[in-house]
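In: below are the sequence and a predicted model for it; my questions follow.
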Amino acid sequence: MNWLDPSARRPFAILAAGVLLAIVLVPAVGTSFAVTFGFQFLIWTCLALSWAVFSGNTGYASFGHGVFFGIGTYITAAVLRETNFSFVVAMLVAGLVAGALALVVGLAVFSSPRFAGDLFGLVTLAMAFIVMTAVSNISFLDGGTGVFVREHTTGTWIGSSTNHLFIVAGLLVALCGAVSIAASTTRWGAALRAIRDDEAVAESLGVPTYRYKVLTFVVSGALAGLAGAPQAVYLGYVEVGGVFALNIPLFVIMMVILGGITRWWGPIIGAAVVVALREALLGIGSAELAQVIVGLSLVAVIAVMPHGVSGFVSRFTTKRAIPTDRTVRGGAS
Amino acid sequence: MTMLKCVDVTKRFGGVTALHQVGIEVSPGEIVGLVGPNGSGKTTLLSCIAGSLPVTAGRIEFVDREITRSSPHHRAKLGIARTFQVPRPLDSFTVVENVATSCMFGRDRMSRTAALARGREVLDRVGLGRHADGEIGALTLHERKFLEIARALALDPKLILLDEVLGGLNPKETDEGMELIASLRDDGVAVVYIEHNVRAVASLADRMYVLNRGRNLATGTPEKVLADPAVIAAYLGGDVDA
């Protein structure tokens, strides 16, 4: 595996072991509340990891990540309602459609240097509104009434137990985590970070920046689309206002900032903190108060740890943009 | 044989014409000096050749291939390397990783391990070997300028575009730099070299092009060009900067 850095083996092993442990243990010993809570955590983790793969590595902050997630949710609902295909097929279609949407948006947006800066964020926000409006008006997807998924999944493997949803979400986290690790240890990752540092320089060194940006945006969108599939089954009833809620991408961004992007696992920590904090605060009664406290804690974290939790931890170790075998690198600084 | 050929290259920024039907030709192994008063379009021409600025009109050929509309990364892979006037290192990369990036994405598409090893060799050549594992923030201006050269060299280029790589350096560093540039000729690499210090350019260049207000003013051997009354008038009549 010459394309894969030897230093990536350990993270892959930890990721695989962690996910395996979770999908075996949690459904077996956890209460139904724990499994549901765990499921939500895993879905948010997928979103945070997949957002960071593109936006964290390239520095292009996308406010449209919720759209890919939402499209995945709706496509899954539509496939399960309109066809007899299994959940796995519906999930793959959801990932493909979300990836295709990202491809179209990416090809258009990145072809113009005009959108190189902050305008990219605004374009992704505009995309969110356009897609939301489109979905509410396409009767195949929604048409304004919402879609019941539950009646199409009862009696199937996926619809019969939250445990099964948890397992699917766990596998998706493994996939998103593997992609994140790859993006921090391969040629691909070096290209993305060169783009983040200085796009013109990256080009001058031979990095095909347009291709890398578009492809990574597609991967990021497709992963979010996949995560939409178990979400559709979990919700049981999908409607535009909830699925495309703008606080979804905002929460995702918050998780990644909180966890930091210095290490691939930063977004996982961020997701854990935000989900746990929200749940704990919801327990005391007020949802609005919970939002305020989550926001304030974000400000506090940024003040103390400007590079998030993972950056804070990494201050005590080394960081490498192109990590490689220690024996080759010799004495690291 | 001509390696690089710019024919009637014109570049306009809105209503401002930065380059007007400029032509230059460069042969393999040749050091070509590009001089001219401030604002004469030297860096603009370099950016047009490197592809970071699209030309408004005209034609650019490199090794018998038209590259007028090619992307910068494509030109880098064909063998055109450039440095930036104000050094632009990749800040989150170490010194050797900056150089290795060229090896990974340039003509050779090396693996990371091979690229880092090659990066060290190139750093040794420009005298930055001991900084290989250091962070960018620790480098002086002189070291950053030489890192620009190292990154360009690591592309294994056929043509290297140098934009004021010696500007702001002390006499000793300037001598080191000139030696390095002269050594490129021995490798058979063609060099297009912009410098404010006309004397430094004249002592290195095989041929020189003088630009003035975005137009070709003169070309020829350094002796011939520097004795040209039109060149003297352009320098003395415009901003005196050399």
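Out: Everything's here; your move.
In: where in chain B is pLDDT low?
Out: Low-confidence segments of chain B (pLDDT under 70): B:237-242.
In: change it to 80
Out: For chain B, residues meeting the criterion pLDDT under 80 lie at B:1, B:197, B:235-242.
In: what about the one residue sitting closest to the centre of chain A, which helix or strand?
Out: Nearest to the geometric centre of chain A sits residue A:47, at 2.1 Å (Cα atoms, centre = their mean). Using DSSP states H and E, residue A:47 maps to helix A:32-51.
In: my read: residue A:201 touches residue B:83, true?
Out: No. Taking contacts as Cβ atoms under 8 Å, residue A:201 lies outside contact range of residue B:83: 10.3 Å. Backbone N, C-alpha and C define where each C-beta goes, glycine included.
In: quick one on the thing from earlier: ok, the residue nearest to the centre of chain A touching residue A:70?
Out: No. Residue A:47 lies out of contact with residue A:70 (Cβ under 8 Å); the separation is 10.9 Å.
In: for these two, list the residues in contact with both.
Out: Residues touching both residue A:47 and residue A:70 (Cβ atoms under 8 Å, 6 or more residues apart in numbering or on different chains) are residue A:248.
In: where does the helix ranked longest in chain A sit relative to the chain's centre, distance-wise?
Out: Criterion DSSP state H: the longest helix present in chain A is helix A:209-235. Its chain's C-alpha centre and that of helix A:209-235 lie 7 Å apart, by Cα atoms, centre = their mean, to the nearest Å.
In: again with stretch B:167-175
Out: What separates the centre of stretch B:167-175 from the centre of its chain is 17 Å, taken as Cα atoms, centre = their mean.
In: quick check: buried residues in that stretch?
Out: By neighbour count on 16 or more other Cβ atoms under 10 Å in any protein chain shown, the buried set for stretch B:167-175 is B:167, B:169, B:173-174.
In: can you lay out these as CSV showing distance to chain A?
Out: Below are the buried residues of stretch B:167-175 laid out as CSV (distance: Cβ to the nearest Cβ, whole Å):
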residue, distance to chain A
B:167, 18
B:169, 21
B:173, 23
B:174, 24
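In: max pairwise distance over those residues: which two?
Out: Using Cβ to Cβ, the pair of the buried residues of stretch B:167-175 lying farthest apart is B:167 and B:173, separated by 10.9 Å.
In: pull the number of nearby residues for residue A:82.
Out: Residue A:82: 10 surrounding residues under other Cβ atoms under 10 Å in any protein chain shown.
In: how far away is it from residue A:91?
Out: Separation of residue A:82 from residue A:91 (Cβ to Cβ, to the nearest Å): 15 Å.
In: ok, now residue B:132?
Out: Using Cβ to Cβ, we find residue B:132 at a distance of 47 Å from residue A:91.
In: the more surrounded of those two?
Out: Taking other Cβ under 10 Å, residue B:132 and residue A:91 do not tie; residue A:91 has more neighbours (27 against 23).
In: which strand or helix spans that one?
Out: Counting by DSSP H and E, the element that carries residue A:91 is helix A:87-110.
In: can you list the buried residues in that helix?
Out: Neighbour-count burial for helix A:87-110, counted by 16+ other Cβ under 10 Å, picks out A:87, A:90-95, A:97-99, A:101-103, A:105-106, A:109-110.
In: and residue B:31, backbone torsions?
Out: Residue B:31 adopts backbone torsions of phi -100, psi 120, taken as degrees, to the nearest 10.
In: for it, what are its contacts?
Out: Contact analysis of residue B:31 by Cβ under 8 Å, 6+ apart lists B:181-182, B:184-185, B:190-191, B:193, B:204-206.
In: residues of chain B that sit close to chain A?
Out: Within chain B, the residues that sit near chain A (Cβ under 8 Å from any Cβ of the partner chain) are B:50-52, B:71-74, B:76-77, B:81-82, B:84, B:88, B:90-94, B:97, B:100-102, B:104-107, B:111-113, B:115-117, B:133-135, B:151, B:155.
In: domain assignment for chain B?
Out: Chain B resolves into domains spanning B:1-79+B:157-242, B:89-154 when parsed by automatic domain parsing.
In: pull the distance from the first one to the chain's centre.
Out: So the one you mean is domain B:1-79+B:157-242. That offset, for domain B:1-79+B:157-242, works out to 7 Å (Cα atoms, centre = their mean).
In: which ones among the residues of chain B next to chain A map onto strands?
Out: Under the assignment DSSP state E, those contribute B:81-82 to strands.
In: name only those of the residues of chain B next to chain A that count as buried.
Out: Buried members of the residues of chain B next to chain A, counted by 16+ other Cβ under 10 Å: B:50-52, B:71-73, B:76-77, B:81-82, B:84, B:88, B:90, B:92-94, B:97, B:100-102, B:104-107, B:111-113, B:115-117, B:133, B:151, B:155.
In: OK, contacts around residue A:35?
Out: Residue A:35 sits in contact with A:26-27, A:162-163, A:166, where contact means Cβ under 8 Å, 6+ apart.
In: can you get me a residue count around the nearest residue to residue A:12 once chain neighbours are set aside?
Out: Nearest residue to residue A:12 in three dimensions, chain neighbours excluded: residue A:181, at 6.0 Å (Cβ to Cβ, 6 or more residues apart in numbering or on different chains). Using other Cβ under 10 Å, residue A:181 has 25 neighbouring residues.
In: then the one 10 residues further on?
Out: Using other Cβ under 10 Å, residue A:191 has 27 neighbouring residues.
In: tilt between whichever strand or helix holds it and helix A:209-235?
Out: Element membership for residue A:191, per DSSP H and E: helix A:187-197. Counting by axes from the mean of the first three to the mean of the last three Cα atoms, to 10 degrees, helix A:187-197 lies at 100 degrees to helix A:209-235.
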